[in-house]
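1. build me a model from this:
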Amino acid sequence: MTATIDVDLEALEGMAAALATASEGLPLSHALTGDCTSVLGCGAVAAALSEVSLHVARRADLVVELIGRLAALPAEFAAGLRLVDESLATQATGATADAGARR
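-> Numbers count the residues shown, from 1 in each chain. Next up, the predicted model:
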């Protein structure tokens, strides 16, 4: 019984490149509310909104960082498969040479 697995390494690397750009166009300020003291007329409310915006921006930064890490996985997988392929090819060439030398 023979099993065949076809993996399009170029497509995997293309996916990685597309994912790597996921953070583009997502400018998130750590001061989303700006100076709203004068608008709201209440410094405590403005401070609370500023704190909330800071937490939201930090979480958004973490999401973008995790997307970046995720984007690297397909490329690392493709590189690993290529190394395995090269190693197997080298072993096969060595085995063929050994078999030829025994004849």
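2. any weak-confidence spans in the protein?
-> Residue ranges of the chain with pLDDT under 70: 1, 3, 23, 26-41, 99-103.
3. now the residue nearest the centre of it, nearest residue through space, not along the chain?
-> What sits nearest the mean C-alpha location of the chain, by CA atoms, centre = their mean, is residue 71, with 2.0 Å. Spatial nearest neighbour of residue 71, chain neighbours left out: residue 19 (3.4 Å); criterion: CB to CB, 6 or more residues apart in numbering. The C-beta positions use only the backbone N, C-alpha and C, and glycine is treated the same way.
4. try residue 9
-> Distances taken as CB to CB, 6+ apart place residue 78 nearest to residue 9, at 4.2 Å, with adjacent residues excluded.
5. also residue 70?
-> Nearest residue to residue 70, sequence neighbours excluded (CB to CB, 6+ apart): residue 19, at 6.3 Å.
6. the one you found and residue 64, how far apart?
-> Remark: distance between residue 19 and residue 64 (CB to CB, to the nearest Å) = 11 Å.
7. ok, residue 86 next?
-> As for residue 86, its distance to residue 64 is 34 Å (criterion: CB to CB).
8. re the thing from before, dump the residue contacts of the residue nearest to the centre of the chain.
-> Residues in contact with residue 71 (CB atoms under 8 Å, 6 or more residues apart in numbering) are 16-20, 22.
9. please, which helix or strand holds it?
-> Element membership of residue 71 [criterion: DSSP states H and E] is helix 43-102.
10. picking that back up, between residue 19 and residue 64, which is the more surrounded one?
-> Neighbour count, other CB atoms under 10 Å: between residue 19 and residue 64, residue 19 has more, with 18 against 14.
11. who touches the helix or strand hosting the more buried one?
-> When elements are assigned from DSSP H and E, residue 19 belongs to helix 9-20. Taking contacts as CB under 8 Å, 6+ apart, the residues outside helix 9-20 that touch it are 67-68, 70-75, 77-78, 81-82.
12. now that helix against helix 43-102, angle please.
-> Angle of helix 9-20 versus helix 43-102, following axes from the mean of the first three to the mean of the last three CA atoms, to 10 degrees, is 170 degrees.
13. would you mark the buried spots in helix 9-20?
-> Counting neighbours by 16 or more other CB atoms under 10 Å, one finds that the buried residues in helix 9-20 are 12, 15-16, 19.
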